[in-house]
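>>> quick one: sequence plus predicted model below, questions after.
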Amino acid sequence: MENNGVITINNLVKRFPVGGDFFTALKNIDLTLNKGEFTGLIGPSGSGKTTLLNIIGGLDSPTEGQVSVLGQALNDTSHGERARLRRKHMGFIFQSYNLLPVYTVFENVELPLILNKIDKDERRSMVEQAIESVGLTDKMDSRPNMLSGGECQRTAIARAIVHQPALVLADEPTANLDAENSHHIMKILSNLNQELSTSFIFATHDEKIMAYLRRIIHLDDGEITEDEIIDNPKAHD
Amino acid sequence: MLLKIALKNLLGARLRTFLNILVTAFSFFLILFMSAMYDGMLQHAKQVTMDTEIAGGAYWHPEYDPMDPMTFEDAHSALPTEVETLVDEKKAFPVLVSQASIYPGGRIMPAIMKGIPPGQNIVNMPTDALFGYEEITLPVLIGKGMASDTKLEVGDAFTIRWLDADRTYDANEGTVVHIMDTENFKLDIGHIWIPLNKAQTMLAMEGEATYVTYEKGVPPVLDKGDWIPRDINYLVQDMEAIIEADKPGAQVMYLILLALAAMGIFNAQVLSIFRRGREIGTLMAIGMTRPRVVGLFTLEGGLNAVLAAVATLIFFGPILWYFGEFGIPLPIDYTEMGMIMAKRLVPVYTIGLVVSTTILVSIIVLIVSYIPSRRIARMKPTDALRGKAAA
């Protein structure tokens, strides 16, 4: 269990200054996530899902408590070390894709590998493999403005998994997609989870996603209200 | 790695890159062009003075002070032997200077009357226009400015009165035989030019002169008597003093142009970088460190400057070359205002100007790329990802 621990969170509190006061977005969160989990943070808007995801990703800092990701205590790490952790071991999927508009699909997916200084030949083969795994081989040279929403999100997924990270964080990955595309995206992510043993954490309130999750953590008003393990996700039936 | 990404970003953002480069290139062009025009104006003034007045230098009579007309009366004598030899060898020509009064159209005007050999070809003056007027008592050459002041035209006769060597006033009738179009107001305003032999006879100063101008490359003579050698450095010192005095003005103008260019570049760069807040957030999310984000955008700015320099060469190079070759015609004749100014202003592009402008514009671009990108990179990645503008 200890060896499989990807994320360990103890007594996490996050407060944001609002006017002259503070708004508590997360209250006393204790959480452990293991390798290969396919987990969803579920809750209504303002429940703290994205804040928790951002803290796990090292994009934001906790106000109180301990957060350890992939064996690294984020409280004690610098911006640079957190950036390195993200670069080497994490992938991000955003609601609005966040693709670089001037890059092609290939170049967008290639970017994390360039940052990781992977040599050109290896890079090319890894990018092609990632793009193939999301079914966009024929769109390799297209720019984001030539793609549909579903294709953009598939490109973002390829970018998130191209360097084979240990952890992928997805913030509302299907919020901008129709039902068909949402299922398509979730199937891809579910397959990647099984093939690569990559851990996935979703922040969502999309019911379509929930059918694929094997663990659902319910958040409400900054607190974990329920931690549910799903043995046989419906979508796998 | 950063260079690769920066290049990709620049080449990928076709229109944005093109517009940024165009703004920077236009700034390059403006600074170069305006500064070169200014340098050209000053250099032209110096060159015109040397071509039309100074040549290789001069020997002055010891009493002669061109700034004090009262000295003209006594500033004449026979030439020292070696100086005369130069004149005989056509390597120099003498000029006899005296005060005079002229009466064009019944008015009285003070003038400086200079006798010059019509056959001289050492300075660029149309003195050969004084040749061949046997029927005219006193052929006179004047400049356009003088013609305008006196309302004289070619063929007009007017009375000239002078004081000769015996301190006797005498007068005669001069006839304008040519009106020269010179850019050197010092040959024009208040001057009348007559043949040297006539001047010597009129002034009872046969074989005498006030100064001798020699051609370029003539070595200094040993026997110059008490005449004073005036080399080019001495003779252009007034002009150089004017240029030197004007330097702060030129520098202020250069700085103003630079500031205007900087504002244009700053606007373009800041707008471009602040619009890319979400992109910066994404780069941080996928693992780019803050210093690298700043480095990337600063590098993009640097590449922008390099491309702008190339674009200046391509887009504005032909224009700069054209003006450098053919100049720009000026709408008014500034010589009448007492300024040595070409009819066509030709900009002079010195290596110093091009290099310093390139370096300064590049530094500006780097600074205006560095400051906003550092500001955005300081933001929390979560804010940058939301596309929030830095406060």
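Received it, and whenever you're ready, just let me know what you need.

>>> any idea which helix or strand carries residue 170?
By default, I'm working from chain A. strand A:167-171 (DSSP states H and E).

>>> actually chain B
Going by DSSP H and E, B:Asp170 is in strand B:169-180.

>>> please point out which parts of that strand sit buried.
B:Gly174, B:Thr175, B:Val176, B:Val177, B:His178, B:Ile179, B:Met180 (16 or more other CB atoms under 10 Å in any protein chain shown). Any C-beta I mention is one placed from the backbone N, CA and C, and that applies to glycine too.

>>> is A:Phe200 in a helix, a strand, or coil?
strand (DSSP: H, G, I helix; E, B strand; the rest coil).

>>> I'd say it and A:Leu189 touch.
Yes - judged on CB atoms under 8 Å, A:Phe200 makes contact with A:Leu189 at a distance of 6.1 Å.

>>> joint contacts of these two?
A:Phe38, A:Val168, A:Ala170 (CB atoms under 8 Å, 6 or more residues apart in numbering or on different chains).

>>> still on that earlier bit, what packs against the helix or strand that the strand holding A:Ala170 is followed by?
Counting by DSSP H and E, the element after strand A:167-171 in chain order, helix or strand, is helix A:179-196. Where contact means 3 or more CB pairs under 8 Å, 6 or more residues apart in numbering or on different chains; DSSP states H and E, helix A:179-196 is packed against strand A:38-42, helix A:120-133, helix A:149-161, strand A:199-204, helix A:207-210.

>>> chain B: which of the ones you listed is closest?
helix A:149-161 (7.3 Å; CB to the nearest CB).

>>> I'd like to know which elements that closest one is packed against.
strand A:90-93, helix A:105-115, helix A:120-133, strand A:167-171, helix A:179-196.

>>> ok, 7 Å please
strand A:90-93, helix A:105-115, helix A:120-133, helix A:179-196 (3 or more CB pairs under 7 Å, 6 or more residues apart in numbering or on different chains; DSSP states H and E).

>>> mean pLDDT for the helices and strands packed on helix A:179-196: which is lowest?
Note on the helices and strands packed on helix A:179-196: helix A:207-210 shows the lowest mean pLDDT, a mean of 83.

>>> check which element follows that helix along the chain.
Sequence order places strand A:215-220 as the next helix or strand after helix A:207-210, per DSSP H and E.

>>> so where is the chain shaky, pLDDT-wise?
Using chain A. A:1-4, A:234-237 (pLDDT under 70).

>>> hm, I was asking about chain B
Those would be B:331-343, B:388-391, if you go by pLDDT under 70 across chain B.

>>> now do the strands in it.
B:57-60, B:77-78, B:92-103, B:109-116, B:138-143, B:157-163, B:169-180, B:191-195, B:208-209, B:211-214, B:228-231, B:328-329, B:344-345 (DSSP state E).

>>> can you pull the buried residues of the strand holding A:Ala170?
Result for strand A:167-171 [16+ other CB under 10 Å]: buried residues A:Leu167, A:Val168, A:Leu169, A:Ala170, A:Asp171.

>>> the second one pairs with what?
So the one you mean is A:Val168. Beta bridges link A:Val168 to A:Gly91, A:Phe200 when assigned by DSSP bridges.

>>> burial check on the closest residue to B:Tyr211 other than its chain neighbours, number of neighbours?
Nearest non-adjacent residue to B:Tyr211, counting by CB to CB, 6 or more residues apart in numbering or on different chains: B:Trp60, 4.7 Å away. B:Trp60: 21 surrounding residues under other CB atoms under 10 Å in any protein chain shown.

>>> enumerate the beta-bridge partners assigned to B:Trp60.
B:Tyr211, B:Ile228.

>>> which ones are touching B:Leu235?
By CB atoms under 7 Å, 6 or more residues apart in numbering or on different chains, the contact set of B:Leu235 is B:Ile54, B:Gly57, B:Ala58.

>>> for burial, what's the neighbour tally of the last one?
Using other CB under 10 Å, the number of residues around B:Ala58 comes to 24.

>>> how about the one 10 residues further on?
Neighbour count for B:Asp68, taken as other CB under 10 Å: 10.

>>> what does A:Lys88 give?
There are 15 residues near A:Lys88, going by other CB under 10 Å.

>>> next: A:Phe22.
Neighbours of A:Phe22 using other CB under 10 Å come to 12.

>>> helix, strand, or coil at it?
A:Phe22 - assigned by three-state DSSP - is strand.

>>> show me which of the contacts of B:Leu235 is closest to chain A.
B:Ile54 (60.5 Å).

>>> check contacts around that closest one.
B:Ile54 neighbours (CB under 7 Å, 6+ apart): B:Ile232, B:Leu235, B:Val236.

>>> hmm, 10 Å instead?
B:46, B:48, B:123, B:184, B:213, B:216, B:230-232, B:234-236, B:239 (CB atoms under 10 Å, 6 or more residues apart in numbering or on different chains).

>>> B:Ala129 too?
Counted by CB under 10 Å, 6+ apart, B:Ala129 has contacts B:Pro118, B:Pro139, B:Val140, B:Leu141, B:Val154, B:Val177, B:His178, B:Ile179, B:Met180, B:Trp193.

>>> who is the closest residue to it other than its chain neighbours paired with across the strands?
Among residues not flanking B:Ala129 along the chain, B:His178 sits closest, at 3.4 Å (CB to CB, 6+ apart). Beta bridges link B:His178 to B:Leu141 when assigned by DSSP bridges.

>>> B:His178 contacts B:Met146, correct?
No - with contact defined as CB atoms under 10 Å, B:His178 does not count as touching B:Met146 (11.8 Å).

>>> so what's in contact with those two at the same time?
In contact with both B:His178 and B:Met146: B:Val140, B:Trp193, using CB under 10 Å, 6+ apart.

>>> the closest residue to chain B within chain A: neighbour count?
Proximity of chain A to chain B (CB to the nearest CB) peaks at A:Arg87, 2.4 Å away. Applying other CB under 10 Å, we find 19 residues neighbouring A:Arg87.

>>> that one: which element?
helix A:79-89.

>>> going by neighbour count, list what's buried in that helix.
A:Arg82, A:Ala83, A:Arg84, A:Leu85, A:Arg86, A:Arg87, A:His89.

>>> need the contact list for the spatially most central residue of chain A.
Chain A has A:Leu169 as the residue nearest its centroid, 1.2 Å off, counting by CA atoms, centre = their mean. Counting by CB under 10 Å, 6+ apart, A:Leu169 makes contact with A:41, A:50, A:52-54, A:56-59, A:69, A:86, A:90-94, A:160, A:199-203, B:285.

>>> repeat the analysis, applying 7 Å as the threshold.
A:Leu53, A:Ile56, A:Gly57, A:Met90, A:Phe92, A:Ile201.
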